[in-house]
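A.B. asks: Sequence first, then the predicted structure:
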Amino acid sequence: MPGTMNQQRRQLVLGAAALSAGVLPVVARAAEPLKVGLIVPMSGPFASTGRQIDAAVKLFIQQNGASVAGRPVEILLKDDGGVAPDVTKRLAQELVARDKVQVLAGFGLTPLAFAAAPVATQAKVPMIVMAAATSSIPQRSPYIVRTGFTLAQVTAPLAQWAGKSKIKSVVTLVSDYGPGLDAEKVFVKGFTEGGGKVVDTLRAPLRNPDYAPFLARVRDLKPDALFVFVPSGEGAAVLKQFTERGLAAAGVRLICTGDVLDDDLMASIGPASVGVVSSHHYSAAHASAENKAYVEAFSKANPGMRPNFHSVGAYDGMHLLYHALKQTNGDSNGDKLLAAMKGVAWTSVRGPVSIDAATRDIVQTVYIRKAEASAGSYYNIEFDQVDKVRDPGV
């Protein structure tokens, strides 16, 4: 009996010593957070893109929980200003090396995605491109997955539509950088193959553009239509100057990619948008139950904002990340996450989408829309569509 008591006392003393030393696993350690470095322009000329992406990421987490597969999700938001690739690269390096993020995401414009790509490759960190739209972006790193769109992808259906719509001659006007060059090349190819004539190809500088001299040139050339691509945020300036220069009155139609008629800007563009035909993968007026719920929730969480295509690229980017983390049971190893993202298909608020397992690019429906006055504002109303559109490559 005394021996038994001494043994029990010894166990109690040893247990207390272990507890005081912090080595007794009485309570399980909390799971390490999954850190996501979100690099977007929250200031500068493309700040609307950053605001839309940030708002969509927050909404997704609000709706789906701040943890997945037992891992808390921590978003580290960084503003790169949208115009300096070296800033984006530095932020990506700091997020990976100092903050130990397991995923990079965001990227408002192509030069910025290009700058961060080597960082993702070296660190073996998945990089979810939610906005930047040059075709070649996924080729810059085997760790890039795109959930937004490509300019070539949304331009090709519009070129085909124009050729069938009694438009015989076109001038193209694009911003002079990757996506603009993609849009120009794809439109010219598709339109001329359909029998149309491209009278001239004009390129405006990305920084501090003045569209007046280009629009004056268009008026002199008198084409049936002007095809335009400018990045999100620039559309209001183009439509304003197009109207002020009297091109519509002179009988020139404006057709464009959806970037020009960004949902976030439709109220400010106003009546000048009416009748403009565009092609894109998302409209806030998209008639599905999923989208109606999304628009309502987004607008409620962000008074005064209407969700645009960049918000949907971000919302779906978070969906893809959550799906992948569930598939890996919370393992954030870069190669495992990337493998779990390839080939995934789901019903997005924009319609059915999937990630091409070979290219890591998004496959989706592209809609032809006409801008109309509706419900006291202006919306892009879809009237035709092309299903399962892949990036055609440029």
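C.D. replies: Done, it's in.
A.B. asks: can you list the domains in this protein?
C.D. replies: Domain ranges of the chain: 34-149+288-360, 152-280+367-389, per automatic domain parsing.
A.B. asks: Go through stretch 161-172 and flag the buried ones.
C.D. replies: 161-163, 165, 167, 170-172 (16 or more other CB atoms under 10 Å). To be clear about C-beta, it is placed using only N, CA and C from the backbone, and glycine gets the same treatment.
A.B. asks: still on that earlier bit, next, format the domains of the chain as JSON lines and append mean pLDDT.
C.D. replies: Below are the domains of the chain laid out as JSON lines (pLDDT from 0 to 100):
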{"stretch": "domain 34-149+288-360", "mean pLDDT": "97"}
{"stretch": "domain 152-280+367-389", "mean pLDDT": "95"}
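A.B. asks: ok, the buried residues of stretch 161-172 vs Thr49, which is closest?
C.D. replies: Thr49 has its nearest neighbour among the buried residues of stretch 161-172 in Thr172, at 23.1 Å by CB to CB.
A.B. asks: For that closest one, list the residues it contacts.
C.D. replies: 183-184, 187-188, 198, 200-202, 226-228 (CB atoms under 8 Å, 6 or more residues apart in numbering).
A.B. asks: which two from those end up farthest apart in space?
C.D. replies: Longest span within the contacts of Thr172, CB to CB: Ala183 and Asp200, 15.1 Å.
A.B. asks: before we move on, the earlier item: in strands, which of the contacts of Thr172 appear?
C.D. replies: Secondary structure defined by DSSP state E assigns 198, 200-202, 226-228 of those to strands.
A.B. asks: just these now: which is nearest Gln93?
C.D. replies: Val228 (35.9 Å).
A.B. asks: Make sure that closest one is actually in contact with Val174.
C.D. replies: Yes: using CB atoms under 8 Å, Val228 is in contact with Val174, at 7.3 Å.
A.B. asks: Between the two, which has more neighbouring residues?
C.D. replies: When Val228 and Val174 are compared for neighbours, Val228 comes out ahead with 32 against 25, by other CB atoms under 10 Å.
A.B. asks: Quick one: residues contacting the more buried one.
C.D. replies: So Val228 contacts 172-174, 238, 254-257, 260 (CB under 8 Å, 6+ apart).
A.B. asks: and if you look at Leu239?
C.D. replies: 254, 260, 269, 272-273, 276.
A.B. asks: Gln153 reaches Val394, doesn't it?
C.D. replies: No: Gln153 is beyond contact range of Val394, at 10.1 Å (criterion: CB under 8 Å).
A.B. asks: more neighbours, the two?
C.D. replies: Gln153 (28 against 19).
A.B. asks: and the gap between that one and Thr243?
C.D. replies: 29 Å (CB to CB, to the nearest Å).
A.B. asks: Check Arg253 too.
C.D. replies: Noted for Arg253: a distance of 13 Å to Thr243, by CB to CB.
A.B. asks: and if you look at Gln385?
C.D. replies: For Gln385, the distance to Thr243 - CB to CB - is 28 Å.
A.B. asks: One more: Leu181?
C.D. replies: 27 Å.
A.B. asks: the more surrounded of these two?
C.D. replies: Shown here are Leu181 and Thr243; by other CB under 10 Å, Leu181 has more neighbours (21 against 18).
A.B. asks: element containing that one, please.
C.D. replies: Using DSSP states H and E, Leu181 maps to helix 178-193.
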